[in-house]
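Peer 1: fold the following, please.
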Amino acid sequence: MKLLSVAIPSYNSQEYLGHCVESLLVGGDEVEILIVDDGSTDRTAEIADGYAQAYPGIVKAIHQENGGHGEAVNTGIRNAAGLYFKVVDSDDWVDEEAFHAILSTLGEISKGGKSLDMLVSNFVYEKEGAKHKTVMKYTGMLPQGRIFGWDEAKHFHKGKYILMHSVIYRTQLLQECGLELPKHTFYVDNLFVYVPLPYVKNMYYLDVDFYRYYIGREDQSVNEKVMIQRIDQQIKVNKMMVEAVDLWKLPNRKLRKYMFNYLEIITVVSTIMLIRSGTQENLEKKRELWKYLKEYDLRLFWRLRNGIMGHAMNLPGRGGRKISVAAYKISQKVVGFN
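Peer 2: Predicted coordinates:
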């Protein structure tokens, strides 16, 4: 069995897929690289097949009809033969030294006969044109150098969350928790990292800058203008997160608090993008979102609504909406939230 399966969801990625794959090949025979060509219309399929032919024991090219990022991840999970599973988007890459450290750590844990549900490492915002790179680290929040449970996790500061870029899951855990990401939907990375968390009993934090998250393409899903255009998909994911886990039934208090805070920030993003659009249609969608929350889970609604962010996002009138946007911009700068 391979130690680690890495799925690369790829759609029209001919310009940068090679860079991504090359950064992963340094993992050698311990790694299985699954390039999932999601119905590309450029040379992505050809490039994937080329790597599969050149590295038959390491790279596997999988071709499917276009189903979106989520379905490409689903395909990766279904085909994964490794003990652990990681998603690396085709326009991103990994650091070689950090990669070796991660493989060494996973290998030692595996050889020691211990079962690990989740490994967390740092990721770097590779923002186009930025003079200083922002590193998402978890020092001070998670113990280092050993396996631990949720009870030992510290307080996560606002803007500090375990994202898809920072997580490696045990493959069997993903397969057994029933994770199925929706087709033709952006922002499913939030579901990928959120839904399995109640099944995570132990974890390990390795303080290395492993994942390099590129930000800069105009068509990128996290571009604010693009997010507003795709706001219906953001709302869809937001609601799926609400319905995926009953937070009040989680026995571990720290896990429940962490997952609530994660859901809160996703709801804030949905709300602020609806406000930022400035259209009457989207302001109505904002009201509908909060009405949905109230009707689906009244306790959750009041917890979200009475928090500082909930108050800031629901100030009345045009003046209130301006204050909401200003608060969001300040949080981006002060907290580093993106």
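Peer 1: going forward, measure contacts between C-alpha atoms and count neighbours the same way
Peer 2: OK.
Peer 1: what strand or helix carries residue 51?
Peer 2: Per DSSP states H and E, residue 51 falls inside helix 44-54.
Peer 1: from the contact counts, what lies against the following helix or strand past that helix?
Peer 2: Sequence-wise, the next helix or strand downstream of helix 44-54 (DSSP H and E) is strand 59-64. With contacts taken as 3 or more CA pairs under 8 Å, 6 or more residues apart in numbering; DSSP states H and E, strand 59-64 sits against strand 31-38, helix 44-54.
Peer 1: could the ones you listed be laid out in TSV, adding mean pLDDT and mean neighbour count?
Peer 2: Below are these laid out as TSV (pLDDT from 0 to 100; neighbours: other CA atoms under 10 Å):
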stretch	mean pLDDT	mean neighbour count
strand 31-38	98	27
helix 44-54	98	18
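Peer 1: so which of the ones you listed gets nearest residue 287?
Peer 2: Ranking the helices and strands packed on strand 59-64 by proximity to residue 287 (CA to CA) places strand 31-38 first, at 35.1 Å.
Peer 1: and that closest one, how far out from the chain's middle?
Peer 2: On the basis of CA atoms, centre = their mean, to the nearest Å, strand 31-38 sits 18 Å off its chain's mean C-alpha point.
Peer 1: which one of the helices and strands packed on strand 59-64 lies closest to residue 267?
Peer 2: strand 31-38 (28.8 Å).
Peer 1: residues contacting that closest one, please?
Peer 2: The contact list for strand 31-38 (CA atoms under 8 Å, 6 or more residues apart in numbering) reads 2-11, 21, 24-25, 44-45, 48, 57-69, 72, 75-76, 80-82.
Peer 1: rewinding a little: which other helices and strands contact the helix holding residue 51?
Peer 2: If contacts are counted by 3+ CA pairs under 8 Å, 6+ apart, helix 44-54 sits against helix 17-25, strand 31-38, strand 59-64.
Peer 1: before we move on, the earlier item: could you flag which of the contacts of strand 31-38 are buried?
Peer 2: 3-11, 21, 24-25, 44-45, 48, 58-63, 66-69, 72, 75-76, 80-82 (16 or more other CA atoms under 10 Å).
Peer 1: what are the ranges of the strands in the stretch 201-338 of the chain?
Peer 2: Here the stretch 201-338 of the chain has its strands, by DSSP state E, counting those that start in this stretch, at 203-215.
Peer 1: can you list the helices and strands packed on strand 59-64 in a markdown table and add distance to residue 129?
Peer 2: What follows is the helices and strands packed on strand 59-64, written out as a markdown table (distance: least, CA to CA, whole Å):
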| stretch | distance to residue 129 |
| --- | --- |
| strand 31-38 | 29 |
| helix 44-54 | 27 |
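Peer 1: indicate which one of those is closest to residue 261.
Peer 2: Nearest to residue 261, of the helices and strands packed on strand 59-64 and by CA to CA, is strand 31-38 at 32.1 Å.
Peer 1: walk me through the domains of this structure.
Peer 2: Domain ranges of the chain: 4-215, 224-334, per automatic domain parsing.
Peer 1: worst mean pLDDT among the ones you listed?
Peer 2: Sorting these by mean pLDDT places domain 224-334 lowest, at a mean of 86.
Peer 1: now that domain: how far from the chain's centre is it?
Peer 2: That offset, for domain 224-334, works out to 17 Å (CA atoms, centre = their mean).
Peer 1: same question for stretch 142-161.
Peer 2: Worked out by CA atoms, centre = their mean, stretch 142-161 lies 17 Å from the chain centre.
Peer 1: then stretch 158-173?
Peer 2: 7 Å.
Peer 1: how far does it stretch from start to finish?
Peer 2: When the termini of stretch 158-173 are compared using CA to CA, to the nearest Å, they are 27 Å apart.
Peer 1: check stretch 210-227 too.
Peer 2: First residue to last in stretch 210-227 (CA to CA) measures 26 Å.
Peer 1: quick one, what contacts the most centrally placed residue in the chain?
Peer 2: Among the residues of the chain, the one closest to the centroid is residue 164, at 2.8 Å (CA atoms, centre = their mean). Residue 164 makes contact with 87, 189-190, 192-193, according to CA under 8 Å, 6+ apart.
Peer 1: can you redo those as CSV with neighbour count?
Peer 2: Compiled in CSV, these are given as follows (neighbours: other CA atoms under 10 Å):
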residue, neighbour count
87, 24
189, 17
190, 20
192, 22
193, 19
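Peer 1: among those, which two are most distant?
Peer 2: 87 and 190 (12.6 Å).
Peer 1: can you pull out the helices in the stretch 1-150 of the chain?
Peer 2: 17-25, 44-54, 68-79, 96-111 (DSSP state H, counting those that start in this stretch).
Peer 1: show me the contact partners of the longest one.
Peer 2: In this structure, residues lying in contact with helix 96-111 by CA under 8 Å, 6+ apart are 3-4, 23-24, 26-27, 30, 115-116, 206, 208-210.
Peer 1: what angle do it and strand 203-215 make?
Peer 2: Angle, helix 96-111 to strand 203-215, by axes from the mean of the first three to the mean of the last three CA atoms, to 10 degrees: 150 degrees.
Peer 1: return the set of buried residues in helix 96-111.
Peer 2: The neighbour-count criterion (16+ other CA under 10 Å) identifies 96, 98-99, 102-103, 105-106, 109 as the buried residues of helix 96-111.
Peer 1: include distance to residue 288 when you put those residues into TSV, please.
Peer 2: Listed next are those as TSV, based on distance: CA to CA, whole Å:
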residue	distance to residue 288
96	46
98	44
99	44
102	44
103	46
105	46
106	45
109	47
